[in-house]
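Trainee: Let me see the structure of the following:
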Amino acid sequence: MRRDGRVLYLEGAVNSTSAAVLYRQLASELEALTPTLDPGQPIRLECGAMDSCDSSAVALLLAAQRMAVAQNRQLVIGDVAGQLASLAELYGVAALIGADPTDRQDTPGNKSEVE
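Mentor: Numbering: from 1, shown residues only. Coordinates of the predicted model:
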């Protein structure tokens, strides 16, 4: 995970092996970002640089939404496409994480594959 301003980027594989580490990094980044933002200014989490994902990625994005709400912040999740969008639709949480269930094809910014 990396940060550029108020944008966080999930990168690489997001799966059961990496999810716990990514969760801690995400919590730390959200906590660090919150006091630097103006009221109402959203935080963006981009998923397009993920190489692969499993259901842990969906759980991580839902946890990110809960953390943002707990800090009175709006979290906008971007580049949710391909396999990640399919998994979110399957679990009935596509709207909660900003997934477009009609976009099941991988896009240049999202190379997600099930592991």
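Trainee: Quick check: residue 31 touching residue 71?
Mentor: Yes. Applying Cβ atoms under 8 Å as the test, residue 31 and residue 71 come out as touching, 7.4 Å apart. C-beta: built from backbone N, CA, C; applies to glycine.
Trainee: Can you give me the pLDDT of the closest residue to residue 14 other than its chain neighbours?
Mentor: Excluding its sequence neighbours, the residue lying closest to residue 14 (Cβ to Cβ, 6 or more residues apart in numbering) is residue 57, at 4.0 Å. Among the per-residue scores, residue 57 holds a pLDDT of 96.
Trainee: Can you tell me how far residue 57 is from residue 5?
Mentor: Taking Cβ to Cβ, to the nearest Å as the criterion, residue 57 is separated from residue 5 by 23 Å.
Trainee: So between these two, which is more surrounded?
Mentor: residue 57 (29 against 9; other Cβ atoms under 10 Å).
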